Each structure stands twice: as C-alpha cells, then as structure tokens.
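**Q** kindly generate the corresponding structure for this input.
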Amino acid sequence: MNLQENRRWWVLSALAIGILAVGLDMTILNLALPILATDLHASNRELQWFADAYNLVFAALLLPAGLLGDRLGRKKMLIIGLIVFGTASVACAYSDSAGELIAARAVLGLGAALLVPLSMAIIPILFTEKERPKAIAVWMMANAFGIPLGPIVGGWLLNNYRWGSVFLINIPLILIALFAVSILLSESRGSGIQKVDHIGVLTSSLGLVGITYGVIEVGEKGWGNPTALATIVIGMLLLFAFILWEKRIRHPLIDLSLFRSASFTWGTILATLVSFMMFGMLFVTPQYFQAVQGADAQSAGLRLLPLVGGLLVGSQISDWLQSRFGTRITIALGFLVLGIGVVLGAYTSLGSGYGYTSVWITVVGFGIGFALPAAMDEAMSVLSAERSGVGSALIMSLRQVGGTMGVAILGTLLSKGYRDKLDLDGLSSDIAEVVQRNVSAGTTYAHQMNSTNLLHSVRSAFVHGMGVTLWMCGGVAALGIVLTLSFLKVRIDRNGNASSDMK
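**A** Sure, this is the predicted structure:
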C-alpha cells in the first residue's frame, strides 16, 4: 500500500474518532435516563425529548449541512461541527433542569448534523466502488464501537460521579479528532454554487417537530387531546407543503432526482426502518434493566453488551453475505433475524431473568448488523463524488427521522402500556401522578413507601408496555421483509458474483 493509500485510511480513521463520540453519546444518554428522571424530576415526555431534541435537530439540519459542506468545504464544516459538538457536550453536562438539558441536546444535534453526513460524504470521494463497502464498515464500526464503550465507561461514571460526567467524556475524543482532521484531511467541495433553501429547511423542520410533539403528547394525554391531534395534522401539512415546494424551487433542499434511482430510494427506506427499531430499543431496554431487573447504571450498561456484540459480529458477516448473495438476501435475512429477536423479547415476563433477555437482544443485534450496512451500501452505491454531500446527508436524515419516530412512537406505546396496567388503588392523586410519570419515578416512590404491591404493579406495567413496543417492532420487521423481497432482486455480474438490483 503506497503513501497515498495509507493516507486515505488514516483520514477515515481520524473521522471515525469523531463519529465515536456520537455513538458514545447515544448509548450513554439512554443509560442515564433513569437517573435523569429522578435528579431532574423529568416526566416520561421529557425523557423522550432528551432523545428527540437531539434527533430532531440532527434530522432537520443534516440536509443543509451536506449542502454547506459541498458549497463551503467539507473539511471546514467538519471542524465547525466538532467544535459545536464539544461545546454542547459541556452545556449538557452542567444543565440544572430538564429544559436546559433539552436545549443543550438540541445544540448537540447541530454539531452531529455537521459531523456525521460530511464524514460519510468523503467515502465516495476517497474510495473506489470495490473499497467502499469496507470503508463504510469502518465508518459504521466506529459509530457502533461507541455503543459498547458507552455502557462500560458511562456506567462506571454514573456510579461514581455526577451524571454530567457522561457528556464530558466526549471532549477528549473531539479534541483528538480536531487535531487529526486538521492535519490529515484535504479540503473538498462541489464545483457548483447552490443557494440554501431556507423555506425548505423551515417547513421540513417545523413539520418534523409538529409530528413528533404531537405523537409524544398523545402518549401523555391520549388521542382525544385536541392539541396533540392539531400539531400532528399541522406537521403533516407542513411536510406536504415541503414536498410541493421542493418540486418547484430551482435549488431544492432535497435533490429529488436521487429518488429516480430505485437503489437509493429503497435502500434508504429499509435503513430507516432499521433505525426506527434500533432507536426505540435503545430507549426502552436501559430502563428495563434498571427499573425492573434492579441493575445499577454500570450493570445495566454491561447488560447491553450482547446487543452490541451481535451488532458488531453481524456487521462483519453482512459484508461477507453481500459479496456472495447480494444485498437482497442479506437485508431480508437481517429483517427476519431482527423480527425473531423482538418477538422473543415481547414474551418477556416479570419473572424472566437476564439469561433470557441476553438471548433475544443478541438476536436483535445480529439482525441490525445484517440489515443496516447492506441497506446503506445499496443507497450509497449510486452517489457520485459531486453529489456525495447532499446524498449522504439525505440518507442519514431519513435514518434520523426514523430514529426520532422510533423514540416518539415506541416511547408513546411504552408510556400508554405502562399507565394502562398500573394499579393505583389507595394512592393519593399527587402520588398517583408522580408514579405515572415513568417507571423510574414509580419504583423510587415504591421503595420510599416500602410498598411491595406498588413496586410489583410498576414493574409489571412497564414489562407490559415494553411487550407492546416490541410487538410493534415485529410488525415493522415483517414490513421490511415484504419490501425487500418485493423491490429487490438478485442479479449476477460479469464476474459471476451475486449483487442487487432494484425493480
């Protein structure tokens, strides 16, 4: 390997260090939810917003971030993204209220919106079509490695220090990435000058916020709440207006011509479905480990490792499967394995031990590892170097929208299932209101009251709610199989290797 080839992989490794912080932050936040619920007196709705404030800004600004990278320079915008991400991490660490943390998480989403798509955008520029699957695997492994690192390091931090320390752990990684990117990465940009679609950014952002806010409010107040329904309807209308506007404007936020490629369209849709399930799972399972199984923060983090181990191993096997059987078989198999895992999880009972849990979350990890890299590679296969910024940002944006909806919809199902099964007989209205906030508040009050009956009710109710969310995930996995088999077909290239094409 010559010096230039070595430099390409060193550049990718440098960017992977920054991506590691993003993956680390995702796992640590979910692990800290039970502690945040108690320390910041947060309701289940606020817990969802801790995740979705980040996800929404991330999703809404991925597209203009990719455009700005193509226009102003990808290296320059990557450096800005790293600085914003590091600054927001400090703000998160020292938040004193739920509102402050939600605001800081939104700024953190801005940094990630610059960092993630632009780091992916350099892959089609630096690597050939043959090298691209390996480069994508390295990029995804960096993101995925933050997941096992988060439970181990974050759990120890939560057990020994204030919860803000889990955000400060990002700072060394960001500083290393800043130094490496500044030295190793050459500047690149698109040749054309494109105006920023301000109306497109506004309508898409407000539309996503409206739908997400409405879905979360439904979980708190029910489908009969007029405010929740109104915001969902307004959000949908804004997204419809966004699509109409994109068809008319000369320089749209979304390059609609990308959707003329069936590979891009269906690869992105399938990756979005996986993200929907994955983000929802990461919201639910840490709360289950701590509130129901009684694990402390560090133990809960370690209990996530089978999920991560399955994901890491599955990602490696996915590359092998794609090279021999094509993405159609790989993605379909991934959804099948993922579906089996979540259905097994839906049968979890209050008496189920960690041994059973470790089995089904490992299966879920395998399914995600099989399906997600293959779907993303299918979508990215049609991106030229000129369109890599906007195209990569669009893929990641739709994935992030899927994750946002996963937390909002699955979190809402969890909240409703939890509340429906609570036995609140004999409790005062004030105590009942606190118990209904979330499972962490419920278990805390049960311990304070030394009430085994309330503790049993709270934990049983949460397990019921978790089962509802996992059945929903099973339905999404089944949909993924149907879409994959309906719209992907296997073809054989000139070398006799199996690959995918789209109908």
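
**Q** which helix in this protein runs the most residues?
**A** helix 305-346 (DSSP state H).

**Q** distance check, the residue lying closest to residue 17 once chain neighbours are set aside against residue 82.
**A** The shortest distance from residue 17 to any non-neighbouring residue, by C-beta to C-beta, 6 or more residues apart in numbering, is to residue 177 (4.4 Å). C-beta here means a position set from N, CA and C on the backbone, and glycine is covered the same way. Counting by C-beta to C-beta, to the nearest Å, the gap between residue 177 and residue 82 amounts to 6 Å.

**Q** how about residue 263?
**A** 31 Å.

**Q** the two: who's more crowded?
**A** In this view residue 263 and residue 82 are compared by other C-beta atoms under 10 Å, and residue 82 has more residues nearby, 27 against 20.

**Q** show me the contacts for residue 205.
**A** By C-beta atoms under 8 Å, 6 or more residues apart in numbering, residue 205 lies in contact with 56, 60-61.

**Q** with respect to residue 440, which of those residues is nearest?
**A** Comparing the contacts of residue 205 against residue 440 with C-beta to C-beta places residue 56 closest, at 23.3 Å.

**Q** what number of residues lie near the closest one?
**A** The local packing of residue 56 (other C-beta under 10 Å) involves 25 other residues.

**Q** make residue 1 into 19 and carry on from there
**A** With 19 as the first residue, the last one maps to residue 74.

**Q** tell me which element it falls in.
**A** Using DSSP states H and E, residue 74 sits within helix 62-90.

**Q** which parts of that helix are buried?
**A** Applying a neighbour-count criterion of 16 or more other C-beta atoms under 10 Å, one finds 62-89 buried in helix 62-90.

**Q** immediately after it, which helix or strand?
**A** Sequence-wise, the next helix or strand downstream of helix 62-90 (DSSP H and E) is helix 92-111.

**Q** just want the angle from that next one to helix 62-90.
**A** Interaxial angle, helix 92-111 versus helix 62-90 (axes from the mean of the first three to the mean of the last three C-alpha atoms, to 10 degrees): 160 degrees.

**Q** chain center to the next helix or strand after helix 92-111, what's the gap?
**A** Following helix 92-111 in sequence order, the next helix or strand is helix 116-144 (DSSP H and E). Relative to its chain's centre, helix 116-144 lies at 12 Å (C-alpha atoms, centre = their mean, to the nearest Å).

**Q** give the buried residues for helix 116-144.
**A** By 16+ other C-beta under 10 Å, the buried positions in helix 116-144 come out as 116, 119-144.

**Q** so for that helix, mean pLDDT?
**A** What helix 116-144 shows for mean pLDDT is 84.

**Q** now for that helix, which elements pack on it?
**A** In terms of contact count using 3 or more C-beta pairs under 8 Å, 6 or more residues apart in numbering; DSSP states H and E, helix 116-144 is assigned the packing partners helix 21-57, helix 62-90, helix 92-111, helix 150-167, helix 372-398, helix 406-423.

**Q** could I get those as TSV with mean pLDDT and distance to residue 273?
**A** Formatted as TSV, the helices and strands packed on helix 116-144 follow (pLDDT from 0 to 100; distance: least, C-beta to C-beta, whole Å):
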stretch	mean pLDDT	distance to residue 273
helix 21-57	75	23
helix 62-90	77	9
helix 92-111	90	17
helix 150-167	70	20
helix 372-398	90	13
helix 406-423	74	5
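
**Q** fine, thanks again, bye for now.
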